[in-house]
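1. What follows is a predicted protein model with its sequence.
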Amino acid sequence: MEANQQVIISLLREHNLALQFDPDMWKDNLVAQKILGVSKSTLLRIRDPEEFIYEQRGKRTYYYLPSIFPKVNAYLK
């Protein structure tokens, strides 16, 4: 699972660079919480490794925001 996720993350980064997308779509958990308007516990509760694309760097978790918006919107409805 972890190896597959790392491959997906690498491919996304390459894809973003190739298409010249803003690399700022990767946000740490504090910024993601503010943007999404949810608490830390809510973000952890709805975080699904099958749907969310995230990367653990040290003690911080970085989320790829386009993978989070649909799940958070569905949760908040």
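-> That came through fine. Note that the structure is a prediction, hence the values are computed from the model and not measured.

2. what's the spacing between residue 54 and residue 65?
-> From residue 54 across to residue 65, the span is 10 Å (CB to CB, to the nearest Å). Placement of C-beta: from N, CA and C, glycine included.

3. And for residue 42?
-> 16 Å.

4. cool, residue 5 as well?
-> Relative to residue 65, residue 5 is positioned 16 Å away (CB to CB).

5. Which of residue 42 and residue 65 has more residues huddled nearby?
-> Set residue 42 next to residue 65 and count neighbours by other CB atoms under 10 Å: residue 65 wins out with 18 against 15.

6. Quick check: closest non-adjacent residue to the more buried one.
-> Using CB to CB, 6 or more residues apart in numbering and skipping residues adjacent in sequence, the residue nearest residue 65 is residue 25, 5.1 Å away.

7. okay, which residue is most central for the chain?
-> Centroid check for the chain by CA atoms, centre = their mean gives residue 63 as the closest residue, at 2.4 Å.
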